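Participant: this is a predicted model, with the sequence first.
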Amino acid sequence: MAEDMYDEFGNYIGPALEDSEEEEEEHQVQHGFGGSEGADDEDGAPGPGDAMQEDDDEGGPGMAVVLHEDKKYYPSAEEIYGAEVETLVMEEDAQPLEVPIVAPVKVKKFETLEAEPLRTHYSNEFLATLMANPELVRNVAVVGHLHHGKTTIMDMFVEQTHELRKMTAAQQAAGKQLRFTDTRLDEQARAMSIKMMPMSLVMESHSGKSFLLNLLDCPGHVNFNDEVTAAMRLADGVMLVVDAAEGIMVVTERAVRQALQEGLSITLMISKVDRLITELKLPPADAYHKLRHTIEEVNNLIAACCGGEVPPEQLLDPVRGNVTFSAAQSGWSFSLQSFARLYAEIYGAGFDPREFAKRLWGDLYFVPEDRVFRRTPPRAGVERSFVQFVLEPLYKMYSAVIGEHPKTVEGLLAGLGVYLRTATYNLDTKPLLKEVCSSVLGSCAGVVDMLVAHVPPSRKASADKVAAHYSGPSDAPAVSFMSACNPRGPLVVAVAKLFPRQDCSRFDALGRVMSGTLRPGDTVKVLGEAYTPEDEEDSAVATVGSVWVYQARYRVPVARATAGNLVLIEGVDATITRTATLVSDAYDEPVHIFRPLRFQTRSTVKIAAEPLNPSELPKMVEGLRKVSKSYPLCSTRVEESGEHTIFGTGEMYLDCLMKDLRELYAEVEVKVADPVVAFCETVVESSSLKCFAETPNKRNKITMIAEPLDKGLAEDIEAGNVRLDMGRKQLTEWFQSRYEWDLLAVRGLWAFGPELQGPNVLLDDSLAAETNKGLLNAVRDSVIQGFQWGAREGPLCDEPIRNVKFKILDAAIAPEPIHRGGGQIIPTARRVCYSAFLMATPRLMEPVYYVEIQTPADCIAAIYNVLAKRRGHVTADVPKPGTPIFIVKAYLPVVESFGFETDLRYHTQGQAFCQSVFDHWQVVPGDPLDKSIVLRPLEPAPVQALAREFMVKTRRRKGMSDDVSINKFFDDPMLLELAKQDADLAMIF
């Protein structure tokens, strides 16, 4: 039956059937046979099928083997349409209709920018003319402590050079500030600067002569010291801003020290003088002593940094003209010279303002009867000249505006020759005070005079800048052009900072033109931080896009920038990480780079980050690369466990960094682990026995010991006080005079590690009678590489080694080069460094913050308690003269500092404010290798178990076993030697 020939699924299961005609035809078509067309051909010509049949007959009885890729299932377009017809094959567009073919440029709203350049009181052509004359250019970094008024001072300069939109009455009443150089939205929300912001302003001196001031507004928070370092690399002088009430603070001290190390001239602006009048309510005589004390504090700080005496050119004195006074919120600033000219203008007195200015400071008293100045008061109650001629008029002006009727103020101003509109007197107190003070005290000519007189022009300062930071020989041809600031020399630009574009995909480079002339479209070589003329790997060729003068919230394009100017450059950022040197591609002479930035602090806080969606890891990695460009002190690392760790200077720094990573650079949601700190590994004794290691081929043997480095030497190496390229004679004298090293020890100095200026030393202390020095020197580079590898990742928990001196005591090196290659020597040198380290009583080191706390007197006891709970200790608590504030100075381990500021404010009801900055490394209490210590979860470890706890937790976090395996670092012969030593000790005891 027919049903029996099919199963339940409809498949045929009956007897085999003969091939039907249709299957035959299908088979022929699949093998490219002509089919019916050839059979029906009227002229009887053989078709393709016949030709194939003939080929098969000629080839033999079997069928030819046809590979899969050679099979032809369908005729080609040429066979169908003919050879004369052009055919195009179009693939289906798989892109969704919602996705545009050309994606629009993403503009991220992270900063406040002007839609078009603001109108200024000078033309852009005039600005370009000043740029062409480096004698009229001053590059100044505006530095100071947090909330000391740097950005407000920049606002005062902007208001005097730009035509700004007037604030509404509500904004004025609320005390809203312009904050023109705080372009980022998070800067405005936090009311503090995060990034260094350049601004080029054309300002007039008292004589009416115009100068181009390239001002670099720097952050005042101690965590963002890397921005200050970049600004000082570009600047020729600093304007130190100090709050009249608070005086010098921790950031002020570090800024002064850094400026002196960079060789920059220092000028001083005492800001917020109005706080002495309205907030502290000091009498004029006390206000004078407060101002004088602040200037003396800064001079004492300069003296301490210069070895006990202030250099004459760095002495700060209002009479010399390098000190100015200001209250930027009230819109005024003056120097003694500008105030003396004000008297001459108002009263028309026939005296020399310069001579009058010299008598406005110090213990000088005016005797009206004789119209002379004397050093002794003529009678009781007579005030000093500064109090009489400067402070008392200021106090009267403030008291009149704040407490008197508007008609009284109008009469007072009329006596000074100042007339305001009637509507002005109806303003609130703050706006009225600003109008009155700015009208009476005039422009910022006194500040401009100070900067012009005491900050060297670009042409003069370029020679010092090249001598301090150029890494090449001083007799190179390019050096003479750079030192002379020659616009006709070869193009050389020193890049120190990168600024993101609006879409955050690219960066623009802020650099100083050292020589030559930079134009849009120039082809330049971008030399990275690792570039040398012998190793050109870290270099690339780029084309300059646009060239701008940076004006904070807008940019002014320029057709050319000559030597001595600061400009923003487009199109060269692809290979720049932090700093770079741009050289004209047409210049054939060898050029070295400007040295990388040397920071005053260290990134000791680290966090581990991973994307919420694992598939977005590449986006996060690319975002981390961009973040490293934006934050110079940020560094990233991938641990063995695969986690990405990010290093920063503190909690505020990492908070801003992660916000940028999430919102600007990666645009992915990122999970962050709890913050931890970077540790270091060190030794406290010499190795208990000579440690040796053999290469895998048993042909080489290196013997070493480890011992602590001389106290202070690690800090000197990191600070750059000693370098291996100093020259043998100079190096010998330095070590003999500072650390009493003998001549042989200095001659045996091989390397610092882990970097070029790392805090560890490798010495060749072997004897020529016992060691073949020729063979040892043949493997010197390999041994140094092994030493630096080991110093970079220590044996305890893969953290850098610090403060250790490694001595090579003996080395048996194979004479055949094939047996002493780098693959044999480098791992062996690393292993012997580890074994010598572990035999020298290893310890863990932790970073320590220097903490400065401002507090009223009644909160000091609470601060002591908070610090004691966190292993911190107070070094000083001193009152700030003239204020009710106390300054508490303390040391606090960084690992204990997380949440410290919140805890401090909680226990002091928000009255205490602290700033923390890395200060030094200290040894963690306890032995990290003590296995007898039991660590219990969720219980704080006792003090003597901290080293063990830190080591174990760090190893676990990195995916390592809990304990250090000695088999990994000790050879079998070395283990036998250790066992023998233990047996000998057992027999003795």
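Facilitator: In hand now; what should we look at? None of these values were measured; they are calculated from a predicted model.

Participant: so what's the residue count around residue 530?
Facilitator: Residue 530 has 12 neighbours, counted by other C-beta atoms under 10 Å. Any C-beta I mention is one placed from the backbone N, CA and C, and that applies to glycine too.

Participant: now it: how far from residue 537?
Facilitator: 7 Å (C-beta to C-beta, to the nearest Å).

Participant: do the same with residue 766
Facilitator: Separation of residue 766 from residue 537 (C-beta to C-beta): 34 Å.

Participant: go on, residue 688?
Facilitator: Separation of residue 688 from residue 537 (C-beta to C-beta): 43 Å.

Participant: the two: who's more crowded?
Facilitator: residue 688 (14 against 9).

Participant: show me what contacts that one?
Facilitator: Counting by C-beta atoms under 8 Å, 6 or more residues apart in numbering, residue 688 touches 839, 840.

Participant: try residue 434
Facilitator: 329, 330, 331.

Participant: how about JSON lines for these, with distance to residue 204, pLDDT and neighbour count added?
Facilitator: What follows is the contacts of residue 434, written out as JSON lines (distance: C-beta to C-beta, whole Å; pLDDT from 0 to 100; neighbours: other C-beta atoms under 10 Å):
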{"residue": "329", "distance to residue 204": "23", "pLDDT": "90", "neighbour count": "21"}
{"residue": "330", "distance to residue 204": "21", "pLDDT": "91", "neighbour count": "25"}
{"residue": "331", "distance to residue 204": "17", "pLDDT": "91", "neighbour count": "22"}
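
Participant: tell me which of those is nearest to residue 919?
Facilitator: For the contacts of residue 434, the minimum distance to residue 919 (C-beta to C-beta) is 33.6 Å, reached by residue 329.

Participant: look up phi and psi at that closest one.
Facilitator: Residue 329 adopts backbone torsions of phi -70, psi -30, taken as degrees, to the nearest 10.

Participant: make sure it is actually in contact with residue 152.
Facilitator: Yes - counting by C-beta atoms under 8 Å, residue 329 does reach residue 152; the two are 5.9 Å apart.

Participant: now do the shared contacts for these two.
Facilitator: With C-beta under 8 Å, 6+ apart, residue 329 and residue 152 have common neighbours residue 177.

Participant: quick revisit: out of the contacts of residue 434, which is nearest to residue 699?
Facilitator: Residue 699 has its nearest neighbour among these in residue 329, at 76.1 Å by C-beta to C-beta.

Participant: contacts only, for that closest one.
Facilitator: 149, 152, 177, 272, 274, 430, 434.

Participant: quick one: which of those sit in helices?
Facilitator: Taking DSSP state H, the ones among those that sit in helices are 152, 274, 430, 434.

Participant: can you tell me how far the first one is from residue 274?
Facilitator: Same thing as residue 152. Taken as C-beta to C-beta, the span from residue 152 to residue 274 is 11 Å.

Participant: if you average pLDDT per helix and strand, which one of this protein comes out bottom?
Facilitator: Of all helical and strand segments in the chain, the minimum by mean pLDDT, DSSP states H and E falls on helix 36-39, at a mean of 40.

Participant: ok, back up a step: tell me the one of the ones in helices among the contacts of residue 329 nearest residue 478?
Facilitator: Nearest to residue 478 out of those is residue 152 (C-beta to C-beta; 41.2 Å).

Participant: and that closest one, how many neighbours does it have?
Facilitator: The tally of other residues near residue 152 (other C-beta under 10 Å) stands at 22.

Participant: quick check: it touching residue 181?
Facilitator: No - Residue 152 lies out of contact with residue 181 (C-beta under 8 Å); the separation is 10.0 Å.

Participant: spatially nearest residue to residue 643 (excluding sequence neighbours)?
Facilitator: Nearest non-adjacent residue to residue 643, counting by C-beta to C-beta, 6 or more residues apart in numbering: residue 608, 4.5 Å away.

Participant: ok so the one you found is a strand residue?
Facilitator: Yes - with DSSP: H, G, I helix; E, B strand; the rest coil as the criterion, residue 608 is part of a strand.

Participant: what are the bridge partners for it, then?
Facilitator: For residue 608, the beta-bridge partners under DSSP bridges are residue 645.

Participant: list the residues that contact it.
Facilitator: By C-beta under 8 Å, 6+ apart, the contact list for residue 608 reads 639, 643, 644, 645, 646, 672, 673, 957.

Participant: which residues touch residue 833?
Facilitator: 704, 706, 786, 787, 790, 791, 806.

Participant: nearest to residue 278 among these?
Facilitator: Closest approach to residue 278 among those (C-beta to C-beta): residue 791, at 56.4 Å.

Participant: where's that closest one, which helix or strand?
Facilitator: Here residue 791 sits within helix 780-792, counting by DSSP states H and E.

Participant: buried residues, that helix. List them.
Facilitator: 782, 783, 784, 785, 786, 787, 788, 789, 790, 791, 792 (16 or more other C-beta atoms under 10 Å).

Participant: can you add distance to residue 112 and pLDDT and give these back as JSON lines?
Facilitator: JSON lines is the format used below for the buried residues of helix 780-792 (distance: C-beta to C-beta, whole Å; pLDDT from 0 to 100):
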{"residue": "782", "distance to residue 112": "55", "pLDDT": "94"}
{"residue": "783", "distance to residue 112": "56", "pLDDT": "95"}
{"residue": "784", "distance to residue 112": "51", "pLDDT": "95"}
{"residue": "785", "distance to residue 112": "50", "pLDDT": "95"}
{"residue": "786", "distance to residue 112": "53", "pLDDT": "95"}
{"residue": "787", "distance to residue 112": "51", "pLDDT": "95"}
{"residue": "788", "distance to residue 112": "46", "pLDDT": "94"}
{"residue": "789", "distance to residue 112": "48", "pLDDT": "94"}
{"residue": "790", "distance to residue 112": "50", "pLDDT": "94"}
{"residue": "791", "distance to residue 112": "46", "pLDDT": "95"}
{"residue": "792", "distance to residue 112": "43", "pLDDT": "94"}
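
Participant: just put the residues you listed in JSON lines and tack on distance to residue 716.
Facilitator: JSON lines is the format used below for these (distance: C-beta to C-beta, whole Å):
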{"residue": "782", "distance to residue 716": "27"}
{"residue": "783", "distance to residue 716": "24"}
{"residue": "784", "distance to residue 716": "20"}
{"residue": "785", "distance to residue 716": "24"}
{"residue": "786", "distance to residue 716": "25"}
{"residue": "787", "distance to residue 716": "19"}
{"residue": "788", "distance to residue 716": "19"}
{"residue": "789", "distance to residue 716": "24"}
{"residue": "790", "distance to residue 716": "22"}
{"residue": "791", "distance to residue 716": "17"}
{"residue": "792", "distance to residue 716": "20"}
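
Participant: closest to residue 618 among the residues you listed?
Facilitator: Closest to residue 618, out of all of the buried residues of helix 780-792 and judged by C-beta to C-beta, is residue 792, at 26.6 Å.
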